[in-house]
Structure formats: structure tokens, C-alpha cells
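S.K.: Here is my input; please provide its structure:
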Amino acid sequence: QVQLVESGGGLVQAGGSLRLSCAASGRTFSSYAVGWFRRAPGKDREFVATILKDGAGTYYADSVEGRFTISRDNAKNTVRLQMTSLKPEDTAVYYCAARLETHNYYYTSASHYDNWGQGTQVTVSS
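M.R.: Next up is the predicted model:
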């Protein structure tokens, strides 16, 4: 198990940028795939991006492809989500999640993950 703590959320104008961080505890973080999800008011939780345990591969939701970049630094037990060209529809609580990666596989469903952070609010004003 790993403990996850998100940070970096805030209020930004449309077209702006934010960088979210997910700090993980535990010495085996490099064995975990990590995903970012978000939940907007009145909507279901939505997949945003995921990264393989070694950082060799990433996968994005169509809605953020080309605007968001997920990366990780296993030496620092950190995963980041760089968000650019933000839109009001990106407003949500953003969560990072982790699970042991047993295959070279992109986990895009929330049900795949068993470790979650508390979330960080991102608000994009128009």
C-alpha cells in the first residue's frame, strides 16, 4: 500500500496552466502504476491520464490529450500532472490513484486502483 497526497490545485483563468503533484509514501512506489482522475460537480469520476510504473508509457483521455502531461520521478516518489490551455470544463476535484502494475498495461478505470489521495480542487474561470 502507498499513501498519496495531492497538491497544486487552485483557481486559474481559462487558457492558463497549473501543475498538480502527487506525493507517495512507501519504498515500492516504482512498482505502482499511477492515474489521475477528476470529478466535476454533479458528474461521475472521470479518467484523465495514467503512467506506467517506470514512466515509459502514458495514456490520456481524449478530452485532455495534447493539453495535459503526466510524468513521474520515482526517486522522489512523485507524479505530476502538467495542465495547460485549461478550460472551464476542466473544473473538478482531481485525484491521483495508484496500484501495483502487474502487466505493461494502461489502467483507465477507477476500479483498477486501490490507493487514492484526498483530492485537490481545480477551478477554471471563463
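S.K.: Check this protein and tell me which residue is nearest its centre.
M.R.: Trp36 (2.3 Å; C-alpha atoms, centre = their mean).
S.K.: and that one, what element?
M.R.: Secondary structure assignment for Trp36, by DSSP states H and E: strand 32-39.
S.K.: okay but the residue nearest to the centre of the chain is in contact with Met83, surely?
M.R.: No. Using C-beta atoms under 8 Å, Trp36 is not in contact with Met83, being 9.6 Å away. All C-beta spots, glycine's among them, are computed from the backbone N, C-alpha and C.
S.K.: any common contacting residues for those two?
M.R.: Common neighbours of Trp36 and Met83, counting by C-beta atoms under 8 Å, 6 or more residues apart in numbering, are Leu20.
S.K.: Tell me, how many residues neighbour the closest residue to the residue nearest to the centre of the chain other than its chain neighbours?
M.R.: The shortest distance from Trp36 to any non-neighbouring residue, by C-beta to C-beta, 6 or more residues apart in numbering, is to Val48 (4.2 Å). If you count neighbours by other C-beta atoms under 10 Å, Val48 ends up with 24.
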